[in-house]
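Enquirer: got a sequence here, can you model it:
(4 chains)
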Number of protein chains: 2
Amino acid sequence: MGAQAKRAAKRRAALSRERILRAAIGLADRGGFELLSMRKLGDKLGVEAMSLYNHVRNKEDMLDGMVDVVFSEIDLPPGGVDWRSAMRQRAISVRQVLTRHPWANGLMESRTTPGPANLRHHDAVLGSLRGAGFSVEMAAHAYSILDGYIYGFTLTELTLPFRKPGDVAKVAGSIMERFRAGEYPHLAEMAVDRAMQPGYAYGDEFEYGLDLILDGIQRAQA
Amino acid sequence: MGAQAKRAAKRRAALSRERILRAAIGLADRGGFELLSMRKLGDKLGVEAMSLYNHVRNKEDMLDGMVDVVFSEIDLPPGGVDWRSAMRQRAISVRQVLTRHPWANGLMESRTTPGPANLRHHDAVLGSLRGAGFSVEMAAHAYSILDGYIYGFTLTELTLPFRKPGDVAKVAGSIMERFRAGEYPHLAEMAVDRAMQPGYAYGDEFEYGLDLILDGIQRAQA
DNA sequence: ACCTGAACACCGTTCAAGT
DNA sequence: ACCTGAACACCGTTCAAGT
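Expert: The predicted structure follows:
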C-alpha cells in the first residue's frame, strides 16, 4: 500500500453494510440502475470491489438491502384518520419515493426475501384496513388493487417517453409521420388534443385513478 | 470452416430478424431474462454471436423487437360488444400473454421506441372507448387506470414468492418465526386465514380488481 | 477482521478479414 | 451480403495472500 493509498484509507470512514447500501442507492439514483456495478461502487467508496463482499453476501443480497431502505422511506399509513385518507396518503408516499428511486420500481414487489421495513410496511397497511373493520378477505382485495395500481402506474409513468410537457412533442415527432398518415387515428387524437396541450402532465392521472379505486373499495366495503 | 460446421450451416435456415426474435423470446421464456445473452442466442441458432448484428442493431433494438412480438400476441379489444366486455377481454388477454412471457412485463410500457404492434394495440384500445362515446379525457383516464392496474398486478403476481398454493407454506416458513413472535400480526393473520388455505391462488384477485375498476369507470362515464 | 491482486468465466460490441 | 476470429472494455465472484 503506497503512502497515498494509506492516506486515502485513513480519510474514508470504515466500510459497513449501511454505507454500502447508501452509496449504491445514490449511484443507482444518479447514474441509472444499469450503471450500478460492484466495481464502480467500490471506486465510489475508495475501495476495491472485492472488499464489498465482506459486508454483503453478493449483489443480489445488496439489492435486497437497497429495496428495504427504499421501503423504510415510505410513510406508513397514518393512524387517527379514516382508512380512506390513510390509504390515500400512503399511496402518494409510495409514488413519491419511487420517483426519487426509479430503479426500485420493478424490484419492490419482487424480492423473495422481504426485509423488515417491507414487512412492517405491509403489516401496517393491512392493520390500517383491519382496524377500520375490513374483513381479511376485503383487506386482501383492497391491498391487491391498490398496490397493483400504484406500482403499475408508477412503472408506466417513470418509463414513459414523455414525462414533462415539453417531451411529448419531441418524442411524438419521430412517430408523427405515421400519425399523419392516419394509421393510428386515436393515438394521434390523444396526442394532439391532450398530451400536447400546455400544462399536460401524465402524473396528474395518478390521483384520478386512485380516487376511483378508493371509491370502489368504499362501495364494496359498505 | 470444417466439414462438420459446413454441414451444420447448410442444415440451419438462413438467419433473419424474425428468426432471431423468436429464438430470443424462447430463450427468455424458458431460461429467464438474465440468461439471454447474444452469445447464448448465437449458440442456439448455430451461429456466432457477431452474426446477429447483421440483422439487429444491438441488444436494445432486439428487445424492442421482442416486446413488439409480445404485443402482437395480445388480442385487440373485440368489436361488436359493449366497451366493458371489450376492455375486460383485452385485460385478460394482456395478463395471459404476460404470463407466457414474464420477462416482458417490465419492458412493455418502457420502450421509448414503440413498435407497430404496440401502436396498433393502444390505438385499438382508445378506438374502442371513443367509439363507445368516451370523451378524449375520459378515455385517457380509463386507459391509464386499466393499464396501470393490469401491468402492476401482473408484475406483483409474477414475482410473488408464492404463486402456487403449495409455495406459500414453503416461503412463509422462513419468515414464520418472525410471524410467530407477533412482530407482524396482520401479515400473519393474512397468511394463515387466507394465503395458506387450500385452493388459494393470488391470481384470483385479478378479476375482482378488474371488475371494481370497470364499475368505477362505468359510473364516471354515465 | 478486513482488504487486495490475480484470476476465472462470463458479458456486449467493433472491426478487419474471410467467403 | 453475410459470417467469423480476435480483440476491447467491461461484468460478478472466488480465493489465496497480505495487514
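Enquirer: contacting residues around the residue nearest the centre of chain A?
Expert: Centroid check for chain A by CA atoms, centre = their mean gives A:Leu98 as the closest residue, at 2.5 Å. Contacts here follow CB atoms under 8 Å, 6 or more residues apart in numbering or on different chains; on that basis A:Leu98 touches A:70, A:104-105, A:108, A:151, A:154, A:158. For the C-beta atoms, the positions are set from N, CA and C on the backbone; glycine is no exception.
Enquirer: what separation do you get for A:Gly32 and A:Gly148?
Expert: Going from A:Gly32 to A:Gly148 by CB to CB, to the nearest Å gives 26 Å.
Enquirer: who has more neighbours out of the two?
Expert: Set side by side, A:Gly32 and A:Gly148 show more neighbours around A:Gly148, with 27 against 11, by other CB atoms under 10 Å in any protein chain shown.
Enquirer: not counting residues beside it along the chain, what's closest to the more buried one?
Expert: B:Phe153 (3.5 Å; CB to CB, 6 or more residues apart in numbering or on different chains).
Enquirer: right, and the helix or strand after the helix or strand of chain A with the lowest mean pLDDT?
Expert: Lowest by mean pLDDT, DSSP states H and E among the helices and strands of chain A is helix A:3-11, with a mean of 42. As assigned by DSSP states H and E, the chain's next helix or strand after helix A:3-11 is helix A:17-31.
Enquirer: in the next helix or strand after that following helix, what's buried?
Expert: The C-terminal neighbour of helix A:17-31 among helices and strands, as given by DSSP H and E, is helix A:38-44. Of all the residues in helix A:38-44, those buried under the rule 16 or more other CB atoms under 10 Å in any protein chain shown are A:38, A:41-42.
Enquirer: what do you get for stretch A:135-154?
Expert: A:136, A:139-154.
Enquirer: and if you look at stretch A:121-132?
Expert: Buried, per 16+ other CB under 10 Å, within stretch A:121-132: A:121-130, A:132.
Enquirer: need the residues of chain A near DNA strand D, please.
Expert: A:1, A:36-40, A:49-50, A:53, A:58-60 (CB under 7 Å from any atom of the strand).
Enquirer: among the residues you listed, name the buried ones.
Expert: A:36, A:38.
Enquirer: just the residues of chain A next to DNA strand D now: which is nearest DNA strand C?
Expert: Using CB to the nearest atom of the strand, A:Met50 comes nearest to DNA strand C of those, at 3.7 Å.
Enquirer: next up, the contacts around the residue lying closest to that closest one once chain neighbours are set aside.
Expert: For A:Met50, ignoring the flanking residues on the chain, the nearest one in space by CB to CB, 6+ apart is A:Gly42 at 7.6 Å. Applying CB under 8 Å, 6+ apart to A:Gly42 gives the contacts A:48-52.
Enquirer: A:Gly209 now?
Expert: A:149, A:153, B:141, B:144-145, B:148.
Enquirer: what's the longest helix in chain A?
Expert: Secondary structure of chain A per DSSP state H: the longest helix is helix A:136-159.
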